[in-house]
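Novice: sequence and predicted structure, then a few things I'm wondering about:
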Amino acid sequence: MAVNLRQEARGRECQIRVPGVCNHNPETTVLCHIHVPSLSGGMGKKSHDVFASYGCSACHDFVDGRTGNATIFSRRQYLYEGCFRTQKILMGEGKIGIRD
């Protein structure tokens, strides 16, 4: 049975955690995808759900460049770290894993 990682984001703690931006409201958490064409198959397409982070609405707006004044590298750093934390949570719950 496949796990719907987008649905898994509902009610979760934000893992992007941008200081001074994060609203810490799990009711606004969604799955925030990393936008890298080589991971998604091209521009304008979302990457696989495993390449994403739990993010509150405020952090999602920040990493997508809709708010804040930060470089793309800074935005990506927050998103990548959030992705790794999200993957750790999902592995710990047995919802994603590595096959031998």
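Specialist: That came in fine, so what should we check first?
Novice: any stretches of this structure with poor pLDDT?
Specialist: Flagging of the chain using pLDDT under 70 yields the residue ranges 1, 37-45, 100.
Novice: quick one: the helices in it?
Specialist: Along the chain, counting by DSSP state H, helices occupy 5-8, 37-40, 57-63, 72-92.
Novice: find the centremost residue of the protein, please.
Specialist: The chain has residue 53 as the residue nearest its centroid, 1.7 Å off, counting by Cα atoms, centre = their mean.
Novice: what is the burial count for the spatially closest residue to that residue that is not a sequence neighbour?
Specialist: Nearest non-adjacent residue to residue 53, counting by Cβ to Cβ, 6 or more residues apart in numbering: residue 82, 3.3 Å away. To be clear about C-beta, it is placed using only N, CA and C from the backbone, and glycine gets the same treatment. The tally of other residues near residue 82 (other Cβ atoms under 10 Å) stands at 24.
Novice: next one: the one 3 residues further on
Specialist: Neighbours of residue 85 under the rule other Cβ under 10 Å: 17.
Novice: so what's it up against?
Specialist: Applying Cβ atoms under 8 Å, 6 or more residues apart in numbering to residue 85 gives the contacts 15, 53.
Novice: distance check, it against residue 2.
Specialist: Separation of residue 85 from residue 2 (Cβ to Cβ, to the nearest Å): 22 Å.
Novice: kindly report the same for residue 65.
Specialist: As judged by Cβ to Cβ, residue 65 and residue 2 stand 31 Å apart.
Novice: over to residue 76?
Specialist: Applying Cβ to Cβ, the value for residue 76 to residue 2 is 28 Å.
Novice: same drill for the two, tell me which one is more crowded.
Specialist: Neighbour totals were compared for residue 76 and residue 2, and residue 76 leads with 16 against 5 (other Cβ under 10 Å).
Novice: would you check how far apart the more buried one and residue 20 are?
Specialist: The spacing between residue 76 and residue 20, counted by Cβ to Cβ, is 18 Å.
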